[in-house]
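S.K.: Below is the structure, and that's it, no one-letter string:
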């Protein structure tokens, strides 16, 4: 395992899993939010995001969590493991609310500095999550269905799945949780 792609919708646990996996494997972790945002919640242009993603994807070793689906085809072609965290919308909304409340006024570790969590941003983010919940999930289903044979695919749907996956890191095979 040298290049790991992690996808999932907001609040699914991508960043947390990426950090834990990075600690266990020693692979460098890249969070899409550090590419999407500049300090002060300034959004990068789509072209700059694509360039930065392609720079990361060209490296030999990485755990890359998050979106910018414009480069997913390249990323999955380079990845040897694709992890899709597929969690319920209710759970994801609750997690986003919790992290916003608990980290209000602070920047999360998966964001650039000077990007503090703010309650004022929550309604707009919730609207985005609601508006894209079906289309984003369909995109991830398509990504998983068309992943190259050289890329192992793991779908994690519960805390138990994630715990089993992490417990088996380092063993010769990582079991895929069954539906």
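M.R.: Happy to help now that I have it. Please read all numbers here as calculations on a predicted model, not as lab measurements. Numbering: from 1, shown residues only.
S.K.: Please, where are all the strands along this protein?
M.R.: For the chain, the strands defined by DSSP state E occupy 3-8, 29-31, 37-38, 42-43, 62-65, 81-85, 152-156.
S.K.: Any chance of CSV for the ones you listed, columns mean pLDDT and mean neighbour count?
M.R.: Any C-beta I mention is one placed from the backbone N, CA and C, and that applies to glycine too. Formatted as CSV, the strands of the chain follow (pLDDT from 0 to 100; neighbours: other Cβ atoms under 10 Å):
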stretch, mean pLDDT, mean neighbour count
strand 3-8, 97, 24
strand 29-31, 96, 22
strand 37-38, 94, 17
strand 42-43, 94, 10
strand 62-65, 97, 25
strand 81-85, 97, 22
strand 152-156, 97, 19
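S.K.: Can you add distance to residue 128 and give those strands back as JSON lines?
M.R.: Shown next, in JSON lines, are the strands of the chain (distance: least, Cβ to Cβ, whole Å):
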{"stretch": "strand 3-8", "distance to residue 128": "15"}
{"stretch": "strand 29-31", "distance to residue 128": "18"}
{"stretch": "strand 37-38", "distance to residue 128": "14"}
{"stretch": "strand 42-43", "distance to residue 128": "13"}
{"stretch": "strand 62-65", "distance to residue 128": "18"}
{"stretch": "strand 81-85", "distance to residue 128": "18"}
{"stretch": "strand 152-156", "distance to residue 128": "23"}
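S.K.: Any idea which of those strands gets closest to residue 54?
M.R.: strand 62-65 (11.2 Å; Cβ to Cβ).
S.K.: Sheet partners, orientation included, of that closest one?
M.R.: Its sheet considered, strand 62-65 pairs with strand 3-8 (parallel), strand 29-31 (parallel) by DSSP bridges.
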